[in-house]
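Enquirer: Need the 3D shape of this:
(chains A, B, C, D, E and F)
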There are 4 protein chains.
Amino acid sequence: MFELDVKSRQPIYEQVVDKIKELIINEVLKPDEKLPAVRILAADLGINPNTIQKAYRELERMGYIYSLPGKGNYVNPQKPGAKDERIDELKLELKRIVREMLYFGMREEDIKAFISEIIKGGKSGD
Amino acid sequence: MFELDVKSRQPIYEQVVDKIKELIINEVLKPDEKLPAVRILAADLGINPNTIQKAYRELERMGYIYSLPGKGNYVNPQKPGAKDERIDELKLELKRIVREMLYFGMREEDIKAFISEIIKGGKSGD
Amino acid sequence: MFELDVKSRQPIYEQVVDKIKELIINEVLKPDEKLPAVRILAADLGINPNTIQKAYRELERMGYIYSLPGKGNYVNPQKPGAKDERIDELKLELKRIVREMLYFGMREEDIKAFISEIIKGGKSGD
Amino acid sequence: MFELDVKSRQPIYEQVVDKIKELIINEVLKPDEKLPAVRILAADLGINPNTIQKAYRELERMGYIYSLPGKGNYVNPQKPGAKDERIDELKLELKRIVREMLYFGMREEDIKAFISEIIKGGKSGD
DNA sequence: GTGGTCTAGACCACG
DNA sequence: GTGGTCTAGACCACA
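Expert: Now for the predicted structure:
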């Protein structure tokens, strides 16, 4: 499904959260699709099931998945409700990054060109 | 000078690093300007001097400031080296954010307009 | 493991850094081998855990070890990058020393003989 | 006479010691030659006279200069006595450096060639 | 007065 | 159990 960097300073459960979030955003995992069972995924990745549990709970908290106790975890279809505040968070992050890019000498057109590039590149993983 | 969120999951020293980095990037703190003394800033923010010390050493490691033991800490005038590397990191972050913005329904033109807005807003703090 | 000179002008954490660096260079500590836990080593050496922590972070910064939070600190397998830079530093140091040796009456052949001796002596600790 | 790096982490008095030591070793300053008066040198370098005082005291302790109270400081002609222990110190340093050079991939012949180069280059400052 | 180092002791996140 | 963070408080070197 994906790979982890066990040597990274980033906690493993966060890496799992990010990877799954990315799969959902890129619609590799479709709305209402079932996620791998905790134990299966843990075995696949060679890590502790508790770590996957924690990642799933975090994804649920963030609204990316929902849990049916005893049945499994599923991709949450997007709710238009809670998304504006997330967009505001993203805007703040983007502002910080753009400012730093300017500081390091990139120009407005360089940045916009790069954004076009990202979007043209489609939704693929890299 | 700025405020901290002591309840945040983000370590206090990292918050201090980010805030000061931002002040330097936005040129609120000018090259070779003296930063507040470790003990003074600690008292101002209501935290332990060691925490500021740690933040300052981290900023030094990243090349944003330099330390003259016994004299103070100062803003490092930009050195061109190691800059491209940082830009590549920023591009990766920006890619992640733009992808998530698209997922949440923003369009290419919305994003670019927002970037223009940031830049037109100048280098001021918000 | 090794001993410290608490009376030395050289900070304790630097002594720890140097000693461990030497153990790594002489391959007493092998790549990916686990270093002693912070608290254990601190107790062994009779110093504060924070001092070891600081030494380990410094070693990590220099690329000699990596840290897995919650798991331990490990010897970093050599990465080829940034190596030439370090060699240049070493050459400068060596130049200074050789000049001083000449001043104190050693001859070129004495110095080279001594270097052969070091190398023939293998990688052992003294 | 020479220049200092006020931004360096190395204490200024140590920089002064090193620079003067080098001038003595390279015989720019001859045996029994008078060193610049403390206040003159301090004024030249734009630093505090106390700092020069400290450097001169340190050089005296190391045997490089001697002081005639009220008259000035003079370059100490080499005494064959105390030099063996200094050579032993230098050998230790050289051993550490050669070991690290080997670790970073230099070969015995590279190191010896570099030493020849240093010596052929004469006693000049770089 | 300034930064740098160190200690003793505490709590938290992670796996 | 492990490393990471933080506090309170101390002493030292430097300029």
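
Enquirer: contacts, neighbours, all on C-alpha from now
Expert: Noted.

Enquirer: Please state the offset of stretch A:8-23 from the chain centre?
Expert: 7 Å (Cα atoms, centre = their mean, to the nearest Å).

Enquirer: now check it, is it near chain C?
Expert: Yes. Looking at stretch A:8-23 against chain C by Cα under 8 Å from any Cα of the partner chain, the contacts come from A:Ser8, A:Arg9.

Enquirer: Name the residues of chain A found near chain C, please.
Expert: A:Val6, A:Lys7, A:Ser8, A:Arg9.

Enquirer: In contact with the residue nearest to the spatial centre of chain A, which residues?
Expert: Most central in chain A under Cα atoms, centre = their mean is A:Lys21, positioned 2.5 Å from the mean C-alpha point. Taking Cα atoms under 8 Å, 6 or more residues apart in numbering or on different chains, we find A:Lys21 in contact with A:Leu59, A:Tyr64.

Enquirer: and what of A:Leu102?
Expert: Listed by Cα under 8 Å, 6+ apart, the contact partners of A:Leu102 are A:Glu108.

Enquirer: quick one: buried residues of the strand or helix carrying it?
Expert: Using DSSP states H and E, A:Leu102 sits within helix A:83-103. Applying a neighbour-count criterion of 16 or more other Cα atoms under 10 Å in any protein chain shown, one finds A:83, A:87, A:90-91, A:94-103 buried in helix A:83-103.

Enquirer: quick one, phi psi at A:Ile65?
Expert: Taking degrees, to the nearest 10, you get phi -140, psi 170 for the backbone angles of A:Ile65.

Enquirer: burial of it, as a residue count?
Expert: A:Ile65 has 25 neighbouring residues, counting by other Cα atoms under 10 Å in any protein chain shown.

Enquirer: Let me know the pLDDT of it.
Expert: At A:Ile65, the pLDDT value in this model is 92.

Enquirer: Enumerate the beta-bridge partners assigned to it.
Expert: A:Val75 (DSSP bridges).

Enquirer: Distance check, A:Lys83 against B:Val98.
Expert: Using Cα to Cα, to the nearest Å, one gets 15 Å for the distance from A:Lys83 to B:Val98.

Enquirer: List the buried residues of stretch A:29-49.
Expert: For stretch A:29-49, by 16+ other Cα under 10 Å, it's A:Leu29, A:Lys30, A:Lys34, A:Leu35, A:Val38, A:Leu41, A:Ala42, A:Leu45, A:Ile47, A:Pro49.

Enquirer: Pull the contacting residues for the closest residue to the last one other than its chain neighbours.
Expert: Going back to what we said before, that points to A:Pro49. Distance criterion Cα to Cα, 6 or more residues apart in numbering or on different chains; nearest residue to A:Pro49, sequence neighbours excluded, is A:Ala42 at 5.0 Å. Applying Cα under 8 Å, 6+ apart to A:Ala42 gives the contacts A:Asn48, A:Pro49, A:Thr51, A:Ile52.

Enquirer: With A:Pro36 instead?
Expert: A:Pro36 neighbours (Cα under 8 Å, 6+ apart): A:Asn73.

Enquirer: Tell me which helix or strand it sits in.
Expert: According to DSSP H and E, A:Pro36 maps onto no helix or strand at all.

Enquirer: Quick one, grab the pLDDT at A:Leu94.
Expert: Reported pLDDT for A:Leu94: 94.

Enquirer: Who are the contact partners of it?
Expert: B:Leu94, B:Ile97.

Enquirer: got the angle between the worst-scoring helix or strand of chain A on mean pLDDT and helix B:83-103?
Expert: In chain A, no helix or strand scores lower on mean pLDDT, DSSP states H and E than helix A:83-103, which sits at a mean of 87. Interaxial angle of helix A:83-103 relative to helix B:83-103 (axes from the mean of the first three to the mean of the last three Cα atoms, to 10 degrees): 160 degrees.
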